[in-house]
Structures are given as C-alpha cells and as structure tokens.
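In: Sequence first, predicted model second:
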Amino acid sequence: MIGAQALIGSLVSAGVDTCFMNPGTSEMHFVSALDTVPEMRGVLALFEGVATGAADGYARVAGRPAAVLLHLGPGLANGLANLHNARRARSPIMTIVGGHATGHVRYDSPLQSDIEALARTVSGWVHTCGTTRDLAQDAMRAVAAARRGQIATLVLPADVSWSDGAAIAPPRPVPSPEPADADQVKVVAGLLAPGSARPADLARPADLARPADLARPADLARPADLARPADLARPAGSADPARPAAMLLLGGTALTERGLAAASRISAATGARLLAETFPARMEGGAGIPAVNRLAYLAEHAEAQLTGLDHLILAGARAPVSFFGYPGRPSDLVPAGCTVTVLAEADQDAQTALEQLADQIAAETPPVLARAGRSVVTPGPLTASTLASAIAASLPEHAIVSDEANTSGVALPQALACAPRHTLLTLTGGAIGQGLPVATGAAVAAPDRPVLALEADGSALYTIQALWTQAREQLNVTTVLLNNAAYAILRMELARTAAGEAGQRASRMLDLSDPTPGFAEISTGMGVPATRVHLAEDLDRALRRAYAEPGPHLIEAMMSR
C-alpha cells in the first residue's frame, strides 16, 4: 500500500470522509488514491480560499473535522484568510499540504518555500511527515489535534505519498469537551444568586422576541434601532439600585440550543442581561429558541451595550475589545470598575457549565423562548430594512444562514429573531470572502437542509469561484448577492478613523462602480442560474422559487445607495 492510500483509508476510518481540495503536481498520488478508497468524497474548488472556507463551513455544521488538500506553500498561502476565520471559529480542520519530494528540496526549485512557517500562523498543530511508514499514524495524530477545536496541518512530501510500505492506522479516541471548573460555577452562582430581584426589575428577555414589534415595517426601516444607546445601556437589574448589574457574554457552545436555554433561565431568574459575541461561529436562532442580541460591531455601540455593568461573566466568549484601534478611543470595552469573571473558557464545555449554573440558581425557572412571528415584506426598493423583511418572511424551517451581508445586513438580527428556526454562521475572523465558501461546505455537511448565503458584493469577489463548486456538486445553496457597488463599510470607517474627507482619488478606492460587476452574469457563467431584483417583494418571490427547486441559485439584489 502506498502512503496516499493508507492516509485516505485511515482518515475515512476516523470519520473524516470529505476532502475539499485544489491539488497540484505534488498531490497527484493522493488524487489518484481517491479511486481506491471511494468512501472519501473529494470536492474540487477552483481557488484554495474556497477549499479552506468550505472545510470551515463543513466543520461548523457537521461538528467533526473536514480535510482540505492544498498545493505547496503558495497553495496554503492562498487559503490562509479563511483558515484564519476557521481558527477564530475553533473549527476542527485537518489541512494536508503537499510538499516537494524530500530529495528535491535541496535544489530550491521555484515553488519551494517554508510551508511549516506559513502553517503556524493559523495552526495549533503542525508536522511534516518523514516516512511512508509513519504517515497514517501522523494523520491520526493530526485528526486528534483537530478534534480539539483547531487547525492541524500535515505537510506531505510527494515521495512519502507515492512510496510503498504504508499501513492503515486505527483512529484515536474522540476527546470529550473539557469541563468548566466546578468552583468557577459556584463563584458565578454567588455573583448572580437571586434574592433581591423582582419581576419588574428583570431585563425582560421576552422583549427581544415580540413578533408584533419585529414585523413592523416602521421598526425595520430604522437600522439605527439596533444600536440605540437608550436601549443598549439598560443594564439588567438597574431598576433595583441595590443590586449589582450583571451580564453573561456568550460564545462557542454557549450558543447552542442547550446553552441558550440555560442562559435564558439564568437571565429570567436573576435579571442578568445576555449578549452573544459579535461574530459567532455557529448560533441557533428563530422561533422556539431564546432570542439574544449580539455585541455590536461598532465600538461606540458596544460601549453603550456594556455601560453600567458591575459584573461581566464570560461563557465561551472572550472579554470584549474593539475590532480596530481608533484615535482617542479605548480598545478595551469593559467598563471601568466592572469585574470580569470566567465561567467557561472558549475551549471548555460552556453549555454544560451554563446548565449547571442554571440548576443552582434558576432551578424552577423556564427559559423564555422566541415566539413565532409572521414577518411582513415591506415593499419597495431594497434597503437594509426591506431586505431583512424579505429574508425573514421567506426563510424555510431549519435553514442554515451564512451571513456575510456586512453593512447591508444591519437589520437582519432583529428580523430573524422570530423567523423559523435556523442556524447562523458568521464572519468569525473578520477576513472577508468567507460567506460563499462556508455556505458551500455547510451544504455538503447537511444536504437535507436549505442553505442561504447572504453575501456582500465586495466580499463575494474574493471567492466567487465557490459558485462553480456549488453547481458541480448540485448543492442546495441560495445566494442573495447584495450589490451596492461599493465597499460601504470602508466609507463609514474613513470617517470613524478620523482619516479625513474622501477626495476624488480616495473615493475611487472605496467604489465598485465604473464598471459595476454583473453578478447575475458571473453566476450564470459559473453554472448557477441567476436573477436580478430591485424590489423587496421581487426578492421575496425569487427566494421562494429558489428554495422550492433543488440545486444552487443566485439572486442579485440591487441595493439602493
């Protein structure tokens, strides 16, 4: 048995049966071995960033490692941005990078590079396999490392792959999530234990999920409502000045259905407010799930959300900081005088820690669940608010939503709170170009669930090749391509960074017109049927048609500027 056959056979036996790839010459024996181990599904991507992003989306939805095959250092470099996002999402990914044959390295041929150095920028585990005999065992070590919620990179020299002398290696035990410290649960219970809170003092989580409010066109038309300081600065328990104001900041497994239900019980019993991290890797939402707002992206809005807190308790999330440094503004968003207590680290079992905490201080308290609401499409030109109304009104039950809408998506969280049950995947690491690949991988992992990709135009152009993979694999992905012909977020950031007014030359660097990309035509050329809409009511109809038909579809939504 050659090394490549033993590698693929061992991966399949360990439950890694899907490999996204963009191979080259050094990986040809791996590619050839796919026919001898048909249990491994190979999924071709036209660009390495699509392959790595798809592996991320697959891992988030399947909850187990995907493999990704890349060609030498330049191939890995092309995939690094979405591996960065995957690292931030704590996605289990096994990256296999083909290397030159060991005897060829000394000649420093044109594609020779330091693969391990590149890999270490995103990987928690890196190893170059030295012999064919050890390859399968090295692969099992890599899978075990990936299952701990990190990227594991195995560099595979071409001769190690093509040589005889390999054997299948048995899989290693699947590790259980690391439990949170029991003493920390008791510490947090002491901070939150109810006693003085009265029902009128609580933060009323039911307010987050009132269908009548969420569906009102007048509300949806005001994206600024998502960040009104008067609302955001209302700390839990503030109606009782004798009771410290506390907040649970949720991330990781705290955003599963179990975690959210436990957090809601705690909030209802103690008055502690709830926030989710800004860009969760995976978050359950919609009717029947507790509705929880997310920490605002803009630092000034996040500060308003956190104002007045005495205790900030972290459950699978990190202490909040601003995404960028700004002149005259602090980077640390924790209010002065507020204590920060860790209930569970990001690599610990946050959902179980929340359940243990809820059983101690909210044993008789049920969670507050979002009630199903019938969203009404707000007719007219596509704006952030009318877009959100059409998305929420048409969303199928148990959809997976890959959200890289960016500035066009500011009204979506509010609109989706009472939409049908769904799973949300967001831009965890902030490196744009994730949305289409993540949707692709999610659809491979869950072929029985509809996938909706909400994709900003500037971000789409990084990894538009994902459409071709969707067409080839006939994946049930509906993409709403939000075309405002601009890097709109950078226009906003120009002012926020005090960089001055955008002159004629600067404005051209933030504008995607002249010419404006025609995404419907690009999509058709990639094999994905497409349509173009200008009105919210037309978007609603196009979405319903797309969900009803198998295979991928793209709807180019022309946003009002």
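Out: That came through fine.
In: just the CA coordinates of whichever helix in the chain runs longest, formatted as PDB?
Out: Determined from DSSP state H, the single longest helix within the chain is helix 72-89. Output in PDB follows, covering the C-alpha atoms of helix 72-89 (Å, rounded to 0.1, in the frame of the first residue of the first chain):
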ATOM      1  CA  LEU A  72       2.800  23.500  -1.600                       C
ATOM      2  CA  GLY A  73       3.400  26.900   0.200                       C
ATOM      3  CA  PRO A  74       1.700  29.100  -2.400                       C
ATOM      4  CA  GLY A  75      -1.500  27.000  -2.300                       C
ATOM      5  CA  LEU A  76      -1.500  27.200   1.500                       C
ATOM      6  CA  ALA A  77      -0.900  31.000   1.300                       C
ATOM      7  CA  ASN A  78      -3.900  31.400  -1.000                       C
ATOM      8  CA  GLY A  79      -6.100  29.600   1.600                       C
ATOM      9  CA  LEU A  80      -4.800  31.400   4.700                       C
ATOM     10  CA  ALA A  81      -7.500  34.000   5.100                       C
ATOM     11  CA  ASN A  82     -10.300  31.500   5.500                       C
ATOM     12  CA  LEU A  83      -8.100  29.300   7.700                       C
ATOM     13  CA  HIS A  84      -7.700  32.400   9.900                       C
ATOM     14  CA  ASN A  85     -11.500  32.600  10.100                       C
ATOM     15  CA  ALA A  86     -11.700  28.900  10.900                       C
ATOM     16  CA  ARG A  87      -9.100  29.300  13.600                       C
ATOM     17  CA  ARG A  88     -11.200  32.000  15.200                       C
ATOM     18  CA  ALA A  89     -14.300  29.800  14.900                       C
END
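In: in terms of contact count, name the helices or strands touching whatever helix or strand comes next after it.
Out: Downstream of helix 72-89, the first helix or strand assigned by DSSP states H and E is strand 93-99. Packing partners of strand 93-99 (3 or more Cβ pairs under 8 Å, 6 or more residues apart in numbering; DSSP states H and E): helix 48-62, strand 66-71, helix 72-89, helix 115-119, helix 132-146, strand 151-157, helix 158-162. Heads up, the C-betas are built off the backbone N, CA and C, glycines and all.
In: Specify the angle between the second one and helix 48-62 in degrees.
Out: Which is strand 66-71. Per axes from the mean of the first three to the mean of the last three Cα atoms, to 10 degrees, the angle that strand 66-71 makes with helix 48-62 is 170 degrees.
In: One more: the fifth one?
Out: Taking the same axes, to 10 degrees, one finds that helix 132-146 is oriented at 60 degrees with respect to helix 48-62.
In: so how far is helix 132-146 off the chain centroid?
Out: With Cα atoms, centre = their mean, to the nearest Å as the basis, helix 132-146 stands 27 Å off its chain's centre.
In: Quick one: residues in contact with that helix.
Out: Outside helix 132-146, the residues that touch it by Cβ atoms under 8 Å, 6 or more residues apart in numbering are 2-3, 6-7, 9-11, 14, 16, 65, 92-94, 124-125, 127, 129, 152-154, 156, 160-161, 163-172, 175.
In: Any of these buried? List them.
Out: Buried by 16 or more other Cβ atoms under 10 Å: 2-3, 6-7, 9-11, 14, 16, 65, 92-94, 125, 127, 129, 152-154, 156, 160-161, 163, 166, 168-169, 171, out of the contacts of helix 132-146.
In: By mean pLDDT, which helix or strand of the protein comes out lowest?
Out: Using mean pLDDT, DSSP states H and E, helix 217-220 stands out as the lowest-scoring helix or strand of the chain, at a mean of 32.
In: Quick check: phi and psi on the residue located most distally from the centre of the chain?
Out: When distances are taken from the C-alpha mean of the chain, residue 107 lies farthest, 41.4 Å away, according to Cα atoms, centre = their mean. Per-residue torsions, residue 107: phi -80, psi -10 (degrees, to the nearest 10).
In: any idea how far the spatially closest residue to residue 268 that is not a sequence neighbour is from residue 269?
Out: Using Cβ to Cβ, 6 or more residues apart in numbering and skipping the chain neighbours, the partner closest in space to residue 268 is residue 365 (5.0 Å). Using Cβ to Cβ, to the nearest Å, we find residue 365 at a distance of 4 Å from residue 269.
In: okay, and the common contacts of these two?
Out: In terms of Cβ under 8 Å, 6+ apart, residue 365 and residue 269 are both contacted by the residues residue 358.
In: Looking at these two, which one has more neighbours?
Out: residue 269 (20 against 16; other Cβ atoms under 10 Å).
In: got a pLDDT number for that one?
Out: Listed pLDDT for residue 269 reads 95.
In: where's it, which helix or strand?
Out: Residue 269 is part of helix 257-270, with elements assigned from DSSP H and E.
In: Alpha carbons of that helix, in PDB - could you do that?
Out: Once non-C-alpha atoms are left out, helix 257-270 reads as follows in PDB (Å, rounded to 0.1, in the frame of the first residue of the first chain):
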ATOM      1  CA  GLU A 257     -29.900  25.400  21.900                       C
ATOM      2  CA  ARG A 258     -28.900  23.900  25.200                       C
ATOM      3  CA  GLY A 259     -26.600  26.800  26.100                       C
ATOM      4  CA  LEU A 260     -29.100  29.500  25.100                       C
ATOM      5  CA  ALA A 261     -31.900  27.800  27.100                       C
ATOM      6  CA  ALA A 262     -29.800  27.600  30.200                       C
ATOM      7  CA  ALA A 263     -28.600  31.200  29.800                       C
ATOM      8  CA  SER A 264     -32.200  32.300  29.400                       C
ATOM      9  CA  ARG A 265     -33.200  30.600  32.600                       C
ATOM     10  CA  ILE A 266     -30.400  32.300  34.400                       C
ATOM     11  CA  SER A 267     -31.400  35.700  33.000                       C
ATOM     12  CA  ALA A 268     -35.100  35.300  33.800                       C
ATOM     13  CA  ALA A 269     -34.300  34.300  37.400                       C
ATOM     14  CA  THR A 270     -31.600  36.800  38.200                       C
END
